[in-house]
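>>> No letters, just coordinates:
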């Protein structure tokens, strides 16, 4: 039944389970997006850090240079006037040094006209400045909606402007960059985009269009012929910043060139001295504060206090190199998740749990490796975390499924073996299957055989007989298992139980005796419940024997049966068949009685050599609940007669046997034998009777 | 005998040392002279006092001691924009053969616009890396019908390609004004003796060099 159940349940095979899991995951991704988006981004950040540490970060655009206003520079910027004057100086010096664009990450919105004029003059003179704008939240509102421009009183603005707003992801880390910001009056470019457009000589309002709600477009020179203008499109939504390295890294392909204000001054002085070259020729200069306390620091994947001006330059770099990172689409994510199913193809060949665990680790490495490669080679950020999670879930489910099937199989085995072992023995055997190895052991055997089974079968019919056998078997089973015995598979109407295997039991014989007594009592009760016709035919014999036997699994790999084999079983069967001959219920051998801890009430019935054997057996009738009340008196008289019989005084023995044979069947059997021997004395008498039949 | 041995010994030492010394190499150089030509075809060297005027044109004479390619990029002083709408010029220079730029039909008219400008003059080895693209880009910039935005982006792209040379990060040797004694080659008496006013640009081992001629600074 258990086998059938295991075959029928839906999780008996792997695919329904995994298809369901993957299908659910794909449906969730397609419907609601990636539920582990934050973890994906954290993993992405880790990949960027590893990429940088391994020296694999792609080089930044060398035409982008930072002018970092640091702590020392701030000492000279104590007032609004000096701040504006310094900005004007920056514009003049950087322009003279060749800078093509100067983008300020500083909003100049506070000064009066007089203070602002030097900067306005410089902007007007060089026409290469991009000014910062900011979207601030109106009082009482959470979302920023009020646009604050540099030089708000100037209309039109003195220079193109770009928004410097940056928003962090759910975990507080800035990874995304909005190239275009929606405002109440339409869209505004970011500082990076504004700088890029200015470097191309393009105007945001004049040259940029929105072909659809998700895309911004402008024209850029084709690299194929340097004449044709081809459309350049970028998404309206946020893009993932391809941050190369921490800003504190001083040099290297992945780091932006930078200088502070003092270095700019020095460079300007040197250039003024007459060098023909321009150190900042064609450079786009980002000017911003990196000094702590200026409020322009924030958390990025490379640290909690990165100058945010570097995010604008990174965005411009991505824009110029068309290298920004892209999260894969939901459809691609779904396809990526389905790769788990392909991984599971390999898992199927993992026969053992440890192999499955190794395959799980291989799958994890595969997913993480391919996602890393996608990042490095394709600038794609695939859903690695959700895939790893799904793969882990699938592997756990597969382990659970296999474990469940194993449990079912074990239960099936337990059910099968519980027919033969008591629960305690069964637990021991299941816990240590090595105990079922073939071995010779001293065991005690209890064998019962139903009498008149042919007549009973005729009387009861097949089903009735089966029912009776099951009831008898239940009695045998409970009596034997109560004494931690083990049962052999029943053969016809014969039941065999044994003690002392698979583990030795020092009190095996005592247990067998107790089980026999209980069995006799319950069989009596059963008999009393039967109909009279059945009751008259119902009878059985019981034999108890002890000795060495081979205990082993008998059979093949497909079918086997655990139990004792050997001469002991045959001898016990012969002894049991003699119960009918002597007309007694339980018959035990001396070998059994010697094993008992305490001698039972019993009488020796005979010394015989059973058919097919050469070793004589001494047979004892055991006293039981339903023995004659004067069992001991009968046993005494029988013993005296038996002694005469043993001594060869057959006539005298016959007389003594006949004196008690009216109420003792064994005495009648022996009286008859003595009469025969008296008439025809045996040639050589040693007190052992040789049975001619079974 | 002993004296001869000493002479032979020191002679051998001299030969050995001489073989170790670097070989004297003929210095490669180019010469450049920017001039203005008025409506009467009077040609004078470009000087700080030079000013735009009706019929005034700018001309650059140049030659080189070795085969190379010369590029002239006229830019405004403050920014990456073409000065006075003058298109950049590129020409292959045979050894010691004079070239005059801009090559017809291009003309650098200097009628107006007194803003300072710079003539960035670069010399390339003929098979220099990236030169093909530069030549292609300069050729694309010659059309007089180009849209202003296209020209702006072409100029920016050209500046990008020359950026390393313009910032001075690429090793180039700007030369001092050449003296007459240094000037070689032939002078045709009927032409303006530009070599007398030329600046010398020493070319490096890769036969590359650069010079900036500024006006109005």
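That came through, no problem. Because the structure is predicted, anything quoted here is derived from the model rather than measured. Numbers count the residues shown, from 1 in each chain, chains lettered A, B, ... in the order given.

>>> got the residues of chain B near chain A?
Selection of chain B residues close to chain A by C-beta under 8 Å from any C-beta of the partner chain yields B:78-80, B:136-137, B:140-141, B:143, B:146-150, B:152-154, B:156-157, B:159-160, B:162-163, B:166-168, B:172, B:174, B:210-212, B:214. For every residue, glycine as well, the C-beta is placed using N, CA and C.

>>> Of these, just the buried ones, ChimeraX syntax please.
Per 16 or more other C-beta atoms under 10 Å in any protein chain shown, the buried members of the residues of chain B next to chain A correspond to this ChimeraX selection:
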select /B:78,79,80,136,137,140,141,149,150,152,153,154,156,157,159,160,162,163,166,167,168,172,174,210,211,212
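
>>> and residue A:526, how far is that from residue A:538?
8 Å (C-beta to C-beta, to the nearest Å).

>>> go on, residue A:446?
In terms of C-beta to C-beta, residue A:446 sits 19 Å off from residue A:538.

>>> neighbour-wise, which of these two wins?
residue A:446 (30 against 20; other C-beta atoms under 10 Å in any protein chain shown).

>>> Within range of chain B, give me the residues from chain A.
A:62-63, A:95-96, A:98, A:100, A:125-128, A:199-202, A:207, A:219-221, A:225-227, A:229, A:275-283.

>>> Could you identify the buried members of those?
By 16+ other C-beta under 10 Å, these give A:62-63, A:95-96, A:98, A:100, A:126, A:128, A:199-202, A:219-221, A:226-227, A:276-283 as buried.

>>> In helices only, show me those residues.
Taking DSSP state H as the definition of helices, those contribute A:95, A:96, A:126, A:199.

>>> dump the residue contacts of the second one.
Going back to what we said before, that points to residue A:96. Contacts here follow C-beta atoms under 8 Å, 6 or more residues apart in numbering or on different chains; on that basis residue A:96 touches A:268, A:271, A:272, A:278, B:78.

>>> how many neighbours does the first one have?
Residue A:268: 19 surrounding residues under other C-beta under 10 Å.

>>> That one and residue A:99 touch, don't they?
No: the criterion here is C-beta atoms under 8 Å, and residue A:268 misses it with residue A:99 at 11.0 Å.

>>> ok, back up a step: between the ones in helices among the buried ones among the residues of chain A next to chain B, which sits nearest residue A:328?
residue A:199 (30.6 Å; C-beta to C-beta).

>>> Just the pLDDT at that closest one, thanks.
Residue A:199 carries a pLDDT value of 90.

>>> Which elements pack onto the host helix or strand of residue A:362?
Element membership for residue A:362, per DSSP states H and E: helix A:353-378. Applying 3 or more C-beta pairs under 8 Å, 6 or more residues apart in numbering or on different chains; DSSP states H and E, one finds that helix A:353-378 contacts helix A:37-53, helix A:330-348, strand A:380-381, helix A:384-417.

>>> Out of those, which gets the lowest mean score?
It's helix A:330-348: among the helices and strands packed on helix A:353-378, that one has the lowest mean pLDDT, namely a mean of 78.

>>> between it and helix A:384-417, what angle do the directions make?
Here helix A:330-348 points in a direction 30 degrees away from that of helix A:384-417 (axes from the mean of the first three to the mean of the last three C-alpha atoms, to 10 degrees).

>>> who's in contact with helix A:330-348?
So helix A:330-348 is in contact with A:14, A:18-19, A:22, A:25-26, A:29-30, A:33-34, A:328, A:356, A:359-360, A:362-363, A:366-367, A:382-383, A:386-387, A:390-391, A:394-395, A:398, going by C-beta under 8 Å, 6+ apart.

>>> Only the buried residues of that helix, if you could.
Applying 16+ other C-beta under 10 Å to helix A:330-348 flags A:330, A:333, A:334, A:336, A:337, A:338, A:339, A:340, A:341, A:343, A:344, A:347 as buried.

>>> One more: stretch A:401-421?
A:401, A:402, A:408, A:412, A:414, A:417, A:418, A:420, A:421.

>>> One more: stretch A:377-397?
Those buried within stretch A:377-397 under the rule 16+ other C-beta under 10 Å are A:379-391, A:394-395, A:397.

>>> nearest to residue A:485, of those residues?
Nearest to residue A:485 out of these is residue A:397 (C-beta to C-beta; 42.1 Å).

>>> Which strand or helix spans the residue nearest to that closest one when sequence neighbours are not counted?
Once flanking residues are discounted, residue A:397 sits nearest to residue A:17: 5.7 Å by C-beta to C-beta, 6 or more residues apart in numbering or on different chains. Using DSSP H and E, residue A:17 falls within helix A:14-32.

>>> Off-centre distance for that helix?
17 Å (C-alpha atoms, centre = their mean, to the nearest Å).

>>> cool, stretch A:476-492 as well?
40 Å.

>>> Tell me which residues of it come out buried.
Quick answer for stretch A:476-492 (16+ other C-beta under 10 Å): A:476, A:477, A:479, A:480, A:481, A:483, A:484, A:485, A:486, A:487, A:488, A:490.

>>> which SS class is the fourth one?
What that stands for is residue A:480. Using DSSP: H, G, I helix; E, B strand; the rest coil, the structure places residue A:480 in helix.

>>> Let's see the pLDDT reported for it.
Reading off the model, residue A:480 has pLDDT 92.

>>> just checking, it touches residue A:486?
Yes: contact criterion C-beta under 8 Å: residue A:480 and residue A:486 qualify, at 7.4 Å.

>>> rewinding a little: name the pair among the ones in helices among the buried ones among the residues of chain A next to chain B with the greatest separation in space.
Across these (C-beta to C-beta), the longest gap, 18.1 Å, separates A:96 and A:199.

>>> Could you tell me which of the contacts of residue A:96 belong to helices?
Reading helices off those with DSSP H, I get A:268, A:271, A:272.

>>> thinking again about what came up before, next, the angle helix A:384-417 makes with the helix holding residue A:362.
Going by the same axes, to 10 degrees, helix A:353-378 makes 170 degrees with helix A:384-417.

>>> buried stuff in stretch A:129-145?
For stretch A:129-145, by 16+ other C-beta under 10 Å, it's A:129, A:130, A:131, A:132, A:133, A:134, A:135, A:144.

>>> Just send these back as TSV, with secondary structure too.
As requested, the buried residues of stretch A:129-145 are arranged in TSV below (three-state DSSP):
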residue	secondary structure
A:129	strand
A:130	strand
A:131	strand
A:132	strand
A:133	strand
A:134	strand
A:135	strand
A:144	strand
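
>>> which regions of chain A lie under the pLDDT threshold?
Residues of chain A meeting the criterion pLDDT under 70: A:1-12, A:274-276, A:293-295, A:419-420, A:422, A:424-425, A:428-429, A:432-436, A:555-561, A:693-694.

>>> residue nearest the centroid of it?
By C-alpha atoms, centre = their mean, the mean C-alpha position of chain A lies nearest to residue A:396, the distance being 2.2 Å.

>>> how near is that one to chain B?
54 Å (C-beta to the nearest C-beta, to the nearest Å).

>>> Can you tell me which of the buried residues of stretch A:401-421 is nearest chain B?
residue A:401 (60.6 Å; C-beta to the nearest C-beta).

>>> For the strand of greatest length in chain A, which helices and strands make contact with it?
Counting residues, the longest strand found in chain A (DSSP state E) is strand A:540-555. Secondary-structure packing of strand A:540-555 (3+ C-beta pairs under 8 Å, 6+ apart): strand A:439-450, helix A:508-529, strand A:560-565, helix A:567-582, strand A:586-589, helix A:590-595.

>>> Now render these as TSV, adding distance to residue A:652.
As requested, the helices and strands packed on strand A:540-555 are exported to TSV (distance: least, C-beta to C-beta, whole Å):
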stretch	distance to residue A:652
strand A:439-450	35
helix A:508-529	34
strand A:560-565	43
helix A:567-582	21
strand A:586-589	26
helix A:590-595	25
